[in-house]
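Novice: Pasted the sequence and its predicted model underneath.
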Amino acid sequence: MFKNTFQSGFLSILYSIGSKPLQIWEKKVRNGHIKRITDNDIHSQVLEVEGTNVSTTYITCPADPKKTLGIKLPFLIMIIKNLRKYFTFEVQVLDDKNVRRRFRASNYQSTTRVKPFICTMPMRLDDGWNQIQFNLSDFTRRAYGTNYIETLRVQQIHANCRIRRVYFSDRLYSEDELPAEFKLYLPVQNQKAK
């Protein structure tokens, strides 16, 4: 999808405020929901992915299983709200041995396991909103001793979470360097005078 696109800086694949946030995504819902809601903490629209079973409610990108993203930027960043329920996501990359590898992170797993085609690992989320930064190049090198070429799919972002944005970048950026629309603004609380 993005293979022939010039890639530098930031490449967003989901923005909850956009007119069609799931335009290039496919939704799978069983015993749950995927909908846009207003989050009380940030007073803004977000995408809520919730389900009674994490494996049956998720979004996947690209929507067409025959297509690939072709994103060469090595950092996957997701702005996600911790709903204090089970949550997992999975991404598929291509390495320089021309092997498709998957990385799955979840908040209910305690150990990292590396198998030939999938690496599963624990992920700790803070309360409230989190910025998950996933260095795909580093993970590919450490898990398989190979070099990251590109991201093929954001295989799945499963229930249970709220999503503000999912994007790729060429490097990690400090808060000051981020464009305004990539920052998560928490509203200033009005304090009553005593």
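Specialist: Right, received. Where do you want to start? Nothing here was measured: the structure is a model prediction, and the numbers come from that model.

Novice: need the next SSE after the lengthiest strand in the chain, C-terminal direction.
Specialist: Scanning the chain for the longest strand, with DSSP state E as the assignment, gives strand 148-158. Following strand 148-158 in sequence order, the next helix or strand is strand 161-169 (DSSP states H and E).

Novice: what angle sits between that next one and strand 148-158?
Specialist: 170 degrees (axes from the mean of the first three to the mean of the last three CA atoms, to 10 degrees).

Novice: now the most centrally placed residue in the chain, nearest residue through space, not along the chain?
Specialist: In the chain, the C-alpha nearest the mean C-alpha coordinate belongs to Met78, at 4.1 Å (CA atoms, centre = their mean). In this structure, Met78 finds its nearest non-sequential neighbour in Ile132, 4.5 Å apart by CB to CB, 6 or more residues apart in numbering. Bear in mind the C-beta positions are built from the backbone N, C-alpha and C, glycine included.

Novice: Tell me if I am right that the one you found is in a strand.
Specialist: Yes - counting by DSSP: H, G, I helix; E, B strand; the rest coil, one finds Ile132 located in a strand.

Novice: Tell me the spacing between it and Cys161.
Specialist: Taking CB to CB, to the nearest Å as the measure, Ile132 falls 10 Å from Cys161.

Novice: how about the helices in the protein?
Specialist: Using DSSP state H, the helices assigned to the chain run over residues 136-144.

Novice: follow-up on the earlier one: and the residue nearest to the centre of the chain, what are its bridge partners?
Specialist: Ile132, Val166 (DSSP bridges).
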